[in-house]
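A.B. asks: mind folding the following:
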Amino acid sequence: MHELALIIGLLLATVIAVSLGDRLHLPYPVLMVVIALGMAFIPGIPELHLEPELILPLFLPPLLYATAKKTSWSVFRIRWRSVILLAIGLVVATVAVVAGAAWLLIPGIGLPAAIALGAMVAPPDPVAVESVAGRVHMPRRLLTVLQSEGLFNDAAAIVIFQTAVAAAVAGHDVDGWLAVKFVTGSVVAVALGLSMAWAAKKLIGVIDSSTARSAVTLVVPFAVYILAEELHASGVIAVVVTALEIKRRSRPQDAAERITGSAFWDVTELLATGLAFGLIGLVSRTVIHDAGGRLLPMLGNAAVICAVVVLIRAVWLALLVPFNRRRNDGLPPNGPKDVLLLTWCGMRGLATLALALAMPEHIADGSPFPARDQIVLTAVAVLFTTLVIPGSTLPWLMRKLRMRESPAAEHEAELVLAQRAEEAALAALHNAPFLHDLPHQRQEVIERGIKRLSEDLVIDAAPSPADARSRHDSEIAIRTIALDAARQEIADARNEPDVDPEIADRVLRRLDLRTVILQEVGERRELLVLPHT
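C.D. replies: This next block holds a predicted model:
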């Protein structure tokens, strides 16, 4: 009961942190870490005990799914080099450098345990990046790189971690088949994700309730993650592929489902993120308690590892600048400001915490796991260093670098898509057979109203009951044709390489809202007109 009360308290703190963050212009995940850290040292506050093997399956699937559905396959087709170089290349480089530093600094750690530490602290967290960087108007070209990197880097880190821990527990060297395991697991995960997305859309297609259809999308990430892990594939990749494919298969006419699902996932993501980052703060008390009198020297080693983690990311990104400039494709990083911001936003989060807590306490012969307390403390220190400090200073850094995304630029991108939607709507109307039977003046009025997609059609004369029914039917049909064409245009545009999926989603949401309102107005008018006929 005490743990349940603590969870409810963290959820309430999340709501408070969101409100406080809006006032202070600070990201609420950072505030949640600070709030939970303060709560952890209040006398009488119980410890929150979660089984280490449950942390990733509980939190990672919904949060990965919520982040992945905001992007599209076209983004990855454009940025596949960035995904490989950052999500895999940088993770491997970070593991190697951190493992080497830990092996030199920490007595008796052993190479497999040092590699496990490197794998813990290697992957930046997509949830942290989305929650922090997305709220300070970071340029979309940089935020998209961070999202793409964060969605896949956990996969490589988790495989390396599991292999290294197994080697440390068994007392032998790291398996040389690591790369083969990763590639095989990734292929299986992609196939599983595509299959699960197909099955989910089939199931959603036979469910009438939009609320129940949204519930299916909550169950699917957990199901595909657990199934992938059971098959020794990557649960991370399986969830991301499932989210991307379900989003791609979304039908333009599913307006009510998208509105319900968006609201549902906004609340789910907010509470799950707050709870996950609150857990990060609460864990600090246990870590400090376990360190005991060795805390200060252990913090010294952790500080060196923190510096190494930040430095290797900065060096790696700096090396990519000439590579990107030679390609001349505009993809970041392509300058010092890009390198600084992308380094500053290398925020660790849930995966680092979960892997740290998943460290076994003993190896096969019953002796303590090598340097376990130091490893866990270092992982938590890296987490705080890369999350709290950058998260609280990012707004200031963005102002100093003058790198904030101009609201006017986003508005212009929305206008371009809105114009495409209007043109598609008008083209559909011109091709509608029954429109040609309307008087010319009436046709002009309808087209003028549809072009705005937000104003009511003008009816000049008070109609008779029979005429009202006829005009009512015509107006509903006309608006339906226009909105169907507009939604189809934006849904197609979302999958184009040069269209930002998030901008497309904003325009599509406005069209969805107008569609739902139109349906409700049509039903109400039907009730008003029918009694007179």
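A.B. asks: so which residue is smack in the middle of the chain?
C.D. replies: Geometric centre of the chain, nearest residue: residue 67, 1.6 Å, by Cα atoms, centre = their mean.
A.B. asks: show me what contacts the closest residue to that one other than its chain neighbours?
C.D. replies: Nearest residue to residue 67 in three dimensions, chain neighbours excluded: residue 126, at 4.8 Å (Cβ to Cβ, 6 or more residues apart in numbering). Any C-beta I mention is one placed from the backbone N, CA and C, and that applies to glycine too. Contacts for residue 126 (Cβ atoms under 8 Å, 6 or more residues apart in numbering) come out as 63-64, 67, 146-147, 149-151, 154.
A.B. asks: for those residues, give me TSV that also has pLDDT.
C.D. replies: Formatted as TSV, the contacts of residue 126 follow (pLDDT from 0 to 100):
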residue	pLDDT
63	87
64	89
67	87
146	88
147	84
149	88
150	86
151	87
154	87
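A.B. asks: pick out whichever of those sits closest to residue 397.
C.D. replies: Ranked by distance to residue 397 (Cβ to Cβ), these are led by residue 146 at 14.5 Å.
A.B. asks: what about that closest one, distance to residue 89?
C.D. replies: In this structure, residue 146 and residue 89 are 15 Å apart, going by Cβ to Cβ, to the nearest Å.
A.B. asks: likewise for residue 354?
C.D. replies: Residue 354 is 23 Å from residue 89, by Cβ to Cβ.
A.B. asks: repeat that for residue 237.
C.D. replies: As judged by Cβ to Cβ, residue 237 and residue 89 stand 16 Å apart.
A.B. asks: same question for the lengthiest helix in the chain, mean pLDDT?
C.D. replies: Longest helix of the chain, by residue count under DSSP state H: helix 255-291. Helix 255-291 carries an average pLDDT of 85.
A.B. asks: before we move on, back to that, pretty sure the residue nearest to the centre of the chain is touching residue 147, no?
C.D. replies: Yes. Using Cβ atoms under 8 Å, residue 67 is in contact with residue 147, at 6.5 Å.
A.B. asks: report the contact partners of residue 203.
C.D. replies: Residue 203 neighbours (Cβ under 8 Å, 6+ apart): residue 216.
A.B. asks: wait, I meant residue 160
C.D. replies: Counting by Cβ under 8 Å, 6+ apart, residue 160 touches 91-92, 95, 115, 118-119, 122, 178.
A.B. asks: cutoff 7 Å now
C.D. replies: By Cβ atoms under 7 Å, 6 or more residues apart in numbering, the contact set of residue 160 is 95, 115, 119, 178.
A.B. asks: so what sits against both of residue 67 and residue 147?
C.D. replies: Listed as contacting both residue 67 and residue 147 by Cβ under 7 Å, 6+ apart are 126, 130.
A.B. asks: what is the burial count for the closest residue to residue 509 other than its chain neighbours?
C.D. replies: Sequence neighbours aside, residue 262 is the residue nearest to residue 509 in space, at 6.7 Å (criterion: Cβ to Cβ, 6+ apart). By the criterion of other Cβ atoms under 10 Å, residue 262 has 15 neighbours.
A.B. asks: how much space between residue 262 and residue 429?
C.D. replies: From residue 262 over to residue 429 (counting by Cβ to Cβ), the distance is 28 Å.
A.B. asks: which positions in the longest helix of the chain come out as buried?
C.D. replies: Across helix 255-291, burial judged by 16 or more other Cβ atoms under 10 Å covers 255, 257-261, 264-265, 268-270, 272-288, 291.
A.B. asks: which elements pack onto the strand or helix carrying residue 410?
C.D. replies: Using DSSP states H and E, residue 410 sits in helix 407-430. Judged by 3 or more Cβ pairs under 7 Å, 6 or more residues apart in numbering; DSSP states H and E, helix 407-430 is in contact with helix 440-452, helix 465-494, helix 501-529.
A.B. asks: give me the neighbour count for residue 131.
C.D. replies: 26.
A.B. asks: all strands for the stretch 51-200 of the chain, in order.
C.D. replies: Assigned by DSSP state E, counting those that start in this stretch, the stretch 51-200 of the chain shows no strands.
A.B. asks: so where is it shaky, pLDDT-wise?
C.D. replies: 52, 134 (pLDDT under 70).
A.B. asks: hmm, try it at 80
C.D. replies: 51-53, 127-128, 130-137, 173-178 (pLDDT under 80).
A.B. asks: still on that earlier bit, which of the helices and strands packed on helix 407-430 has the lowest average pLDDT?
C.D. replies: Least confidently modelled of those is helix 440-452, at a mean of 54 by mean pLDDT.
A.B. asks: now the residue nearest to the centre of the chain: how far from residue 357?
C.D. replies: Here residue 67 is placed at a distance of 22 Å from residue 357 (Cβ to Cβ).
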